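Asker: build me a structure from this.
(one chain, ligands or ions: 1)
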Amino acid sequence: LPLSRMLSLWDIEDVARKVLSYKALAYYASAADEETTDRENCRAFSRFFFHPRVMRPVSQCDPSTTILGFKSSIPVFVSGAALARLGHPLGEANITRGAGRAGIIQMVSSNASLSYAQIAEARVGPQQPLFFQLYKHQDDRIAEERVREIISLGYKAIFLTVDAIVAGNRERDIRAPFELEEQEREADKAADSTDKSKGSPDMPAKQEKEESGNVNLLGTAGALIANDDLDMTWERTIPWLRSITKLPIVVKGVQCVEDAVLAAEAGVDGILISNHGGRQLEYALPSIEVLYRIRKQRPDVFDKLEVYIDGGVRRGTDVLKALCLGAKAVGMGRPFLYAQSAYGEEGVVKAVDILEREIVRAMRLMGVSNVKQLVPQMVERVDWQPI
Ligand code: FNR
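Answerer: Have a look, this model is predicted:
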C-alpha cells in the first residue's frame with residue numbers, strides 16, 4: 001500500500017504486521033505475561049475526556065515545544081527501542097533521518113542495532129539533537145565508558161532506564177528464535193557471492209546452533225539486558241552519573257507518585273513515566289494513570305523537573321491528554337519501529353506528519369493555539385470505560 005494511503009498510526013502498524021518476519025514481530029509487539037499493561041496503556045487514554053473551549057482564536061496554531069531545552073516540532077519524541085534492523089536493513093538510521101527531517105528528537109537505545117557513531121553520522125545535520133537511553137552495566141567502569149563514548153559523539157541527554165534491571169516475561173518473544181545474527185550472516189553471505197560455504201567461516205555450525213539455543217531460552221530481552229545493574233539506588237546511582245557527565249539526566253521507567261517525588265529530590269532533570277510498553281512488570285499501572293495521580297497528589301513535582309510519559313500513545317488526542325495533565329512531551333516506541341519497518345525513513349516522516357495533523361486539529365477543536373494553553377481543567381478522568 002502506498003504511504004499516501006496511511007491515515008493513522010494504526011494503518012502503518014497494519015502494514016508493518018504484514019511485512020515483518022514472524023520473529024521480528026514477536027520481539028516488537030510482545031509484552032509481559034498476558035500483555036495486560038500493554039493493552040491497558042492504550043485503553044486507559046479512553047477514560048480521559050476533554051473540556052474543549054470554543055470561541056477562541058485558533059487560526060495560528062503552534063504545536064511545537066522544547067524538550068530539555070531542545071526544540072521539537074511537536075510534543076513527541078522517539079522512545080529508545082532496541083534492534084530496529086530486525087524490521088528494516090537501515091534500522092535506527094531510518095529513524096534518525098526521519099526524525100531529523102520532521103524536527104523531532106530520537107532517543108537512541110543502548111541496544112541499538114547500529115553503532116552509536118553510525119547513528120550520529122546519519123543525522124540530517126550536526127545541529128540535530130540525539131538523546132541516549134542508558135542501560136547501566138553492573139560494572140561502573142564499563143557503564144562509564146559507554147557514557148563517555150556517547151558524550152564524545154555529541155549526544156545531548158541521558159535517559160537512564162530503571163524499569164528493566166531484569167527482563168520481563170515476554171513469552172511470544174521467548175518462543176520465537178532470535179534471528180538478527182542469522183539475518184546478518186545471510187546478508188553477509190548474499191553480499192559476498194563468492195562465499196558458497198554454509199555457516200559463518202569463523203564459527204562452526206554446531207557452535208552457532210548452541211549459541212542461538214542459549215539466547216532462545218533467555219528471550220531477546222533477557223539476552224540484551226543480562227548485565228544490567230540490579231542494585232541501582234537514588235542515593236548512589238544518580239550522583240555517580242552526575243559525577244561523570246554534565247548532560248541532562250532523565251530517569252526512564254518511573255511508575256508511581258513516590259518515585260516521582262524521589263526523582264525530584266535527587267535533582268534529575270526529568271522523569272519519563274513508563275512501564276516499558278508493558279514489557280516489564282505485568283500489571284504496572286498504565287502510564288497516563290500514573291501521570292494523573294502525580295498531577296493530583298503532587299503537582300509540585302511538575303515545577304521541579306520535566307515530566308514525560310510513554311506507552312500506548314497512538315493518537316494526537318492521547319498526546320494532548322498527557323500535556324493537559326502536565327507532561328512536557330510524550331514518547332512513542334513501537335509506532336516508529338513499525339513505521340521504519342514498513343516504509344523506511346519516509347515512514348517515520350509520515351508518522352510525524354500524521355501526528356502533527358491530529359495534534360493541530362484537536363488543539364483547534366479544543367480552543368488552544370499553543371501547548372502552554374493545555375491545562376488540567378481541560379481534561380477529566382471518568383470512572384467508566386467507553387465501549
Ligand atoms: C522497547 N523499549 C526499550 N526501552 C529502553 O529503555 N531500552 C530499550 O532498549 C528498549 N527496547 C525496546 C524494544 C522494543 C521492541 C519495544 C517495543 C520497546 C521501551 C520503549 O522505550 C518505550 O518505553 C515503549 O516502547 C513505549 O510503549 P509503546 O509506545 O511501544 O506503546
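
Asker: put the alpha carbons of the helix or strand hosting I119 into PDB.
Answerer: In this structure, I119 is located in helix 116-121 according to DSSP states H and E. Below are the C-alpha coordinates for helix 116-121, written out as PDB (Å, rounded to 0.1, in the frame of the first residue of the first chain):
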ATOM      1  CA  TYR A 116      26.100   4.900  18.300                       C
ATOM      2  CA  ALA A 117      28.600   6.600  15.900                       C
ATOM      3  CA  GLN A 118      26.800   5.300  12.800                       C
ATOM      4  CA  ILE A 119      23.500   6.700  14.200                       C
ATOM      5  CA  ALA A 120      25.200  10.100  14.900                       C
ATOM      6  CA  GLU A 121      26.500  10.100  11.400                       C
END
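
Asker: pLDDT (mean, whole number) over the helix or strand following that helix?
Answerer: Where DSSP H and E defines the elements, the next helix or strand beyond helix 116-121 is strand 130-134. For strand 130-134, mean pLDDT is 97.

Asker: now swap in stretch 163-177 and tell me
Answerer: pLDDT averaged over stretch 163-177 gives 85.

Asker: now the lengthiest helix in the chain: average pLDDT?
Answerer: Counting residues, the longest helix found in the chain (DSSP state H) is helix 334-366. Mean pLDDT, computed over helix 334-366, is 98.

Asker: what does stretch 371-387 give?
Answerer: Mean predicted confidence for stretch 371-387 is 94.

Asker: what does that stretch contact?
Answerer: Contact partners of stretch 371-387, identified using Cβ atoms under 8 Å, 6 or more residues apart in numbering, comprise 43, 46-53, 62-65, 75, 292, 295, 320-321, 323-326, 363, 366, 368. Placement of C-beta: from N, CA and C, glycine included.

Asker: show the buried residues in those residues.
Answerer: Buried residues within these, defined by neighbour count using 16 or more other Cβ atoms under 10 Å: 46-48, 50, 63, 65, 75, 292, 295, 320-321, 323-326, 363, 366, 368.

Asker: restricted to helices, list those residues.
Answerer: Among those, the members found in helices (DSSP H) are Y292, R295, L320, K321, L323, C324, M363, M366.

Asker: report pLDDT for I105.
Answerer: For I105, the model assigns a pLDDT of 98.

Asker: next up, the contacts around the closest residue to A82 other than its chain neighbours.
Answerer: Spatial nearest neighbour of A82, chain neighbours left out: N111 (3.6 Å); criterion: Cβ to Cβ, 6 or more residues apart in numbering. N111 sits next to A82, L83, Y135, L224 when contact means Cβ under 8 Å, 6+ apart.

Asker: restricted to strands, list these.
Answerer: With DSSP state E as the criterion, strands contain none of the contacts of N111.

Asker: quick check: the two most widely separated of these?
Answerer: L83 and Y135 (13.4 Å; Cβ to Cβ).

Asker: mutual contacts of the two, please.
Answerer: Joint contacts of L83 and Y135 (Cβ under 8 Å, 6+ apart) are N111, L224.

Asker: phi and psi next, for whichever residue of the stretch 151-300 of the chain sits closest to the ligand.
Answerer: Closest approach between the stretch 151-300 of the chain and the ligand, counting by Cβ to the nearest ligand atom: G277, at 2.9 Å. Torsion angles at G277 (phi, psi; degrees, to the nearest 10) stand at phi 60, psi 30.

Asker: tell me the phi and psi of the residue of the chain found nearest the ligand?
Answerer: Residue of the chain nearest the ligand, by Cβ to the nearest ligand atom: G333 (2.0 Å). Note on G333: backbone dihedrals following degrees, to the nearest 10 are phi -100, psi -80.
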